[in-house]
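K.L.:
I need the structure of the sequence given here:
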Amino acid sequence: MLFRLIVTALLGSFLLSQPATAQDRRYVDDTRSVPLRSDAFAEASPIRAGVPSGSAVTLLSERAETGWALVRTEDGTEGWIPTRYLKREAGPRYQIINALRQLGQPDDGSVALSAAIEQARKQLDETVTARDALLAELAELKKVSGSAQQLDASNREMGRQLEEMKNRIGVLEAENQRLHDDAWQKWFINGVWATGIGGVLTLLLPRLVPQRRRRSEWT
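P.N.:
This is a model prediction of the structure:
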(Lines give C-alpha, C1' and ligand atoms only; values in the text may rest on other atoms or scores of the structure.)
Protein backbone atom coordinates (compact mmCIF):
# COMPACT_ATOMS: atom_id res chain seq x y z
CA MET A 1 0.00 0.00 0.00
CA LEU A 2 2.82 2.39 0.90
CA PHE A 3 4.64 1.50 -2.33
CA ARG A 4 1.47 2.23 -4.31
CA LEU A 5 1.09 5.62 -2.67
CA ILE A 6 4.73 6.49 -3.43
CA VAL A 7 4.34 5.48 -7.06
CA THR A 8 1.12 7.42 -7.34
CA ALA A 9 2.75 10.52 -5.83
CA LEU A 10 5.70 10.28 -8.22
CA LEU A 11 3.38 9.78 -11.16
CA GLY A 12 1.28 12.73 -10.07
CA SER A 13 4.36 14.92 -9.75
CA PHE A 14 5.42 13.88 -13.24
CA LEU A 15 2.03 14.64 -14.69
CA LEU A 16 1.92 18.03 -13.00
CA SER A 17 5.36 18.88 -14.30
CA GLN A 18 4.27 18.17 -17.89
CA PRO A 19 2.33 20.77 -19.86
CA ALA A 20 -1.37 19.93 -19.81
CA THR A 21 -2.60 19.14 -23.28
CA ALA A 22 -6.28 19.05 -22.31
CA GLN A 23 -6.26 21.96 -19.87
CA ASP A 24 -9.58 23.76 -20.29
CA ARG A 25 -12.70 24.82 -18.47
CA ARG A 26 -15.12 22.34 -16.98
CA TYR A 27 -18.12 22.59 -14.67
CA VAL A 28 -19.09 20.26 -11.85
CA ASP A 29 -22.43 18.52 -12.23
CA ASP A 30 -25.20 20.92 -11.30
CA THR A 31 -27.09 18.25 -9.37
CA ARG A 32 -24.58 17.20 -6.72
CA SER A 33 -21.52 18.15 -4.68
CA VAL A 34 -18.51 16.02 -5.71
CA PRO A 35 -15.63 15.18 -3.32
CA LEU A 36 -12.17 16.27 -4.42
CA ARG A 37 -9.74 13.40 -3.74
CA SER A 38 -5.99 13.16 -3.46
CA ASP A 39 -5.71 10.39 -6.02
CA ALA A 40 -7.55 8.92 -8.96
CA PHE A 41 -9.53 6.25 -7.16
CA ALA A 42 -12.57 6.23 -4.94
CA GLU A 43 -10.72 5.09 -1.82
CA ALA A 44 -8.25 8.00 -1.91
CA SER A 45 -8.48 10.46 0.95
CA PRO A 46 -10.66 13.51 0.22
CA ILE A 47 -8.87 16.83 -0.03
CA ARG A 48 -12.21 18.56 0.18
CA ALA A 49 -15.47 17.07 1.29
CA GLY A 50 -17.21 18.32 -1.81
CA VAL A 51 -16.78 20.75 -4.65
CA PRO A 52 -20.06 22.71 -4.80
CA SER A 53 -22.39 21.65 -7.58
CA GLY A 54 -22.16 23.83 -10.66
CA SER A 55 -18.70 25.13 -9.73
CA ALA A 56 -16.19 25.95 -12.47
CA VAL A 57 -12.89 24.04 -12.43
CA THR A 58 -9.83 23.86 -14.68
CA LEU A 59 -9.13 20.47 -16.23
CA LEU A 60 -5.42 19.73 -15.83
CA SER A 61 -5.33 16.15 -17.07
CA GLU A 62 -7.63 13.23 -17.69
CA ARG A 63 -7.32 9.44 -17.34
CA ALA A 64 -9.83 8.15 -19.81
CA GLU A 65 -9.13 4.51 -18.97
CA THR A 66 -10.00 4.98 -15.29
CA GLY A 67 -12.59 7.75 -15.67
CA TRP A 68 -10.83 10.25 -13.39
CA ALA A 69 -9.70 13.82 -14.01
CA LEU A 70 -7.22 16.08 -12.27
CA VAL A 71 -8.76 19.52 -11.76
CA ARG A 72 -7.98 22.82 -10.08
CA THR A 73 -10.75 24.68 -8.27
CA GLU A 74 -11.19 28.44 -8.38
CA ASP A 75 -9.34 28.84 -5.08
CA GLY A 76 -6.31 26.93 -6.45
CA THR A 77 -6.91 23.55 -4.79
CA GLU A 78 -6.00 20.57 -7.01
CA GLY A 79 -7.45 17.07 -6.79
CA TRP A 80 -9.15 14.22 -8.56
CA ILE A 81 -12.83 13.78 -9.35
CA PRO A 82 -14.71 11.34 -11.62
CA THR A 83 -14.94 12.63 -15.20
CA ARG A 84 -18.64 11.71 -15.35
CA TYR A 85 -19.33 14.63 -13.00
CA LEU A 86 -17.66 17.18 -15.29
CA LYS A 87 -19.63 19.09 -17.91
CA ARG A 88 -18.41 21.27 -20.76
CA GLU A 89 -21.28 23.72 -20.39
CA ALA A 90 -22.14 25.67 -17.27
CA GLY A 91 -25.37 24.64 -15.60
CA PRO A 92 -28.10 27.05 -14.50
CA ARG A 93 -26.76 27.11 -10.95
CA TYR A 94 -23.32 28.35 -12.02
CA GLN A 95 -24.82 30.89 -14.38
CA ILE A 96 -26.97 32.30 -11.57
CA ILE A 97 -24.04 32.33 -9.12
CA ASN A 98 -21.79 33.98 -11.71
CA ALA A 99 -24.44 36.59 -12.52
CA LEU A 100 -24.90 37.38 -8.83
CA ARG A 101 -21.14 37.60 -8.40
CA GLN A 102 -20.87 40.01 -11.30
CA LEU A 103 -23.65 42.10 -9.82
CA GLY A 104 -21.82 42.16 -6.49
CA GLN A 105 -18.45 43.00 -8.10
CA PRO A 106 -19.19 44.89 -11.32
CA ASP A 107 -16.54 45.13 -13.98
CA ASP A 108 -15.51 48.33 -15.76
CA GLY A 109 -18.30 48.01 -18.32
CA SER A 110 -21.03 47.65 -15.72
CA VAL A 111 -19.51 50.48 -13.68
CA ALA A 112 -19.61 52.72 -16.74
CA LEU A 113 -23.18 51.63 -17.42
CA SER A 114 -24.17 52.34 -13.82
CA ALA A 115 -22.55 55.77 -14.06
CA ALA A 116 -24.41 56.46 -17.31
CA ILE A 117 -27.70 55.36 -15.72
CA GLU A 118 -27.06 57.57 -12.70
CA GLN A 119 -26.24 60.51 -14.97
CA ALA A 120 -29.41 59.88 -16.97
CA ARG A 121 -31.41 59.80 -13.74
CA LYS A 122 -29.91 63.12 -12.68
CA GLN A 123 -30.73 64.65 -16.06
CA LEU A 124 -34.25 63.27 -15.78
CA ASP A 125 -34.64 64.82 -12.32
CA GLU A 126 -33.32 68.14 -13.63
CA THR A 127 -35.70 67.95 -16.58
CA VAL A 128 -38.65 67.23 -14.28
CA THR A 129 -37.63 70.14 -12.03
CA ALA A 130 -37.34 72.49 -15.02
CA ARG A 131 -40.70 71.30 -16.32
CA ASP A 132 -42.35 71.94 -12.95
CA ALA A 133 -40.82 75.42 -12.86
CA LEU A 134 -42.10 76.16 -16.36
CA LEU A 135 -45.57 74.91 -15.45
CA ALA A 136 -45.59 77.11 -12.35
CA GLU A 137 -44.44 80.11 -14.40
CA LEU A 138 -47.09 79.38 -17.02
CA ALA A 139 -49.76 79.19 -14.34
CA GLU A 140 -48.56 82.52 -12.93
CA LEU A 141 -48.61 84.07 -16.41
CA LYS A 142 -52.13 82.78 -16.95
CA LYS A 143 -53.13 84.25 -13.61
CA VAL A 144 -51.54 87.60 -14.44
CA SER A 145 -53.07 87.50 -17.91
CA GLY A 146 -56.47 86.81 -16.40
CA SER A 147 -56.01 89.72 -13.99
CA ALA A 148 -54.93 91.98 -16.85
CA GLN A 149 -57.97 90.99 -18.88
CA GLN A 150 -60.21 91.60 -15.90
CA LEU A 151 -58.55 94.97 -15.30
CA ASP A 152 -58.98 95.88 -18.96
CA ALA A 153 -62.66 94.92 -18.79
CA SER A 154 -63.04 97.03 -15.64
CA ASN A 155 -61.35 99.96 -17.36
CA ARG A 156 -63.66 99.64 -20.34
CA GLU A 157 -66.69 99.52 -18.03
CA MET A 158 -65.49 102.59 -16.15
CA GLY A 159 -64.91 104.37 -19.46
CA ARG A 160 -68.44 103.52 -20.56
CA GLN A 161 -69.88 104.78 -17.26
CA LEU A 162 -67.79 107.94 -17.52
CA GLU A 163 -69.08 108.53 -21.04
CA GLU A 164 -72.64 108.07 -19.81
CA MET A 165 -72.01 110.54 -17.01
CA LYS A 166 -70.61 113.05 -19.51
CA ASN A 167 -73.70 112.63 -21.65
CA ARG A 168 -75.96 113.11 -18.64
CA ILE A 169 -74.01 116.18 -17.60
CA GLY A 170 -74.34 117.53 -21.13
CA VAL A 171 -78.09 116.94 -21.04
CA LEU A 172 -78.37 118.60 -17.62
CA GLU A 173 -76.31 121.57 -18.76
CA ALA A 174 -78.51 121.95 -21.83
CA GLU A 175 -81.62 121.73 -19.66
CA ASN A 176 -80.17 124.24 -17.26
CA GLN A 177 -79.34 126.59 -20.09
CA ARG A 178 -82.87 126.21 -21.45
CA LEU A 179 -84.34 126.93 -18.04
CA HIS A 180 -82.04 129.89 -17.67
CA ASP A 181 -83.06 131.19 -21.07
CA ASP A 182 -86.74 130.69 -20.24
CA ALA A 183 -86.34 132.46 -16.92
CA TRP A 184 -84.50 135.35 -18.55
CA GLN A 185 -87.13 135.54 -21.25
CA LYS A 186 -89.91 135.54 -18.67
CA TRP A 187 -88.06 138.17 -16.67
CA PHE A 188 -87.62 140.26 -19.78
CA ILE A 189 -91.25 139.93 -20.75
CA ASN A 190 -92.36 140.71 -17.23
CA GLY A 191 -90.08 143.70 -17.22
CA VAL A 192 -91.50 144.91 -20.49
CA TRP A 193 -94.99 144.43 -19.19
CA ALA A 194 -94.17 146.22 -15.99
CA THR A 195 -92.56 149.06 -17.87
CA GLY A 196 -95.49 149.32 -20.24
CA ILE A 197 -98.01 149.24 -17.42
CA GLY A 198 -96.00 151.79 -15.53
CA GLY A 199 -95.96 154.07 -18.56
CA VAL A 200 -99.68 153.74 -19.06
CA LEU A 201 -100.34 154.44 -15.41
CA THR A 202 -98.12 157.45 -15.61
CA LEU A 203 -100.17 158.80 -18.45
CA LEU A 204 -103.56 157.97 -16.98
CA LEU A 205 -103.13 158.88 -13.34
CA PRO A 206 -102.83 162.66 -13.84
CA ARG A 207 -106.04 162.68 -15.72
CA LEU A 208 -107.89 160.55 -13.22
CA VAL A 209 -106.93 162.51 -10.13
CA PRO A 210 -108.48 165.96 -11.12
CA GLN A 211 -111.73 164.33 -12.03
CA ARG A 212 -111.95 162.88 -8.54
CA ARG A 213 -111.29 166.31 -7.06
CA ARG A 214 -113.98 167.94 -9.15
CA ARG A 215 -116.44 165.32 -8.18
CA SER A 216 -115.61 165.93 -4.56
CA GLU A 217 -116.08 169.68 -4.94
CA TRP A 218 -119.49 169.18 -6.53
CA THR A 219 -120.56 167.04 -3.73
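
K.L.:
tell me which other helices or strands the helix or strand hosting Leu70 touches.
P.N.:
Assessed by DSSP states H and E, Leu70 sits inside strand 68-72. If contacts are counted by 3 or more C-beta pairs under 8 Å, 6 or more residues apart in numbering; DSSP states H and E, strand 68-72 sits against helix 2-17, strand 56-63, strand 78-82. Every C-beta, even on glycine, is put in place using the N, C-alpha and C of the backbone.

K.L.:
and the most centrally placed residue in the chain, which of the three is it?
P.N.:
The chain has Val128 as the residue nearest its centroid, 3.0 Å off, counting by C-alpha atoms, centre = their mean. When classified by DSSP: H, G, I helix; E, B strand; the rest coil, Val128 comes out as helix.

K.L.:
what is the neighbour count of the nearest residue to Pro52 once chain neighbours are set aside?
P.N.:
Spatially, and ignoring its direct neighbours in sequence, Pro52 is nearest to Ser33 (5.7 Å; C-beta to C-beta, 6 or more residues apart in numbering). Counted with other C-beta atoms under 10 Å, residues neighbouring Ser33 total 16.

K.L.:
what segments of this protein are strands?
P.N.:
Secondary structure of the chain, counting by DSSP state E: strands at 24-28, 34-37, 46-51, 56-63, 68-72, 78-82, 86-87.

K.L.:
contacts for stretch 25-32, please.
P.N.:
Under the criterion C-beta atoms under 8 Å, 6 or more residues apart in numbering, residues 34, 51-59, 69, 71, 81, 85-94 lie in contact with stretch 25-32.

K.L.:
go through that stretch and flag the buried ones.
P.N.:
Arg26, Tyr27, Val28, Asp29, Asp30 (16 or more other C-beta atoms under 10 Å).

K.L.:
return the member of those nearest to Ile47.
P.N.:
Ile47 has its nearest neighbour among these in Val28, at 14.4 Å by C-beta to C-beta.

K.L.:
what separates the closest one from Trp68, distance-wise?
P.N.:
14 Å (C-beta to C-beta, to the nearest Å).

K.L.:
now swap in Ala136 and tell me
P.N.:
Counting by C-beta to C-beta, the gap from Ala136 to Trp68 is 76 Å.

K.L.:
who's more crowded, these two?
P.N.:
Trp68 (21 against 10).

K.L.:
please parse the protein into its domains.
P.N.:
2-104, 107-168 (automatic domain parsing).

K.L.:
would you mind giving these as CSV with distance to Val192 and mean pLDDT added?
P.N.:
What follows is the domains of the chain, written out as CSV (distance: least, C-beta to C-beta, whole Å; pLDDT from 0 to 100):
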stretch, distance to Val192, mean pLDDT
domain 2-104, 123, 74
domain 107-168, 36, 77
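
K.L.:
which of these sits most buried?
P.N.:
Most buried of these, by mean neighbour count (mean count of other C-beta atoms under 10 Å): domain 2-104, with a mean of 15.
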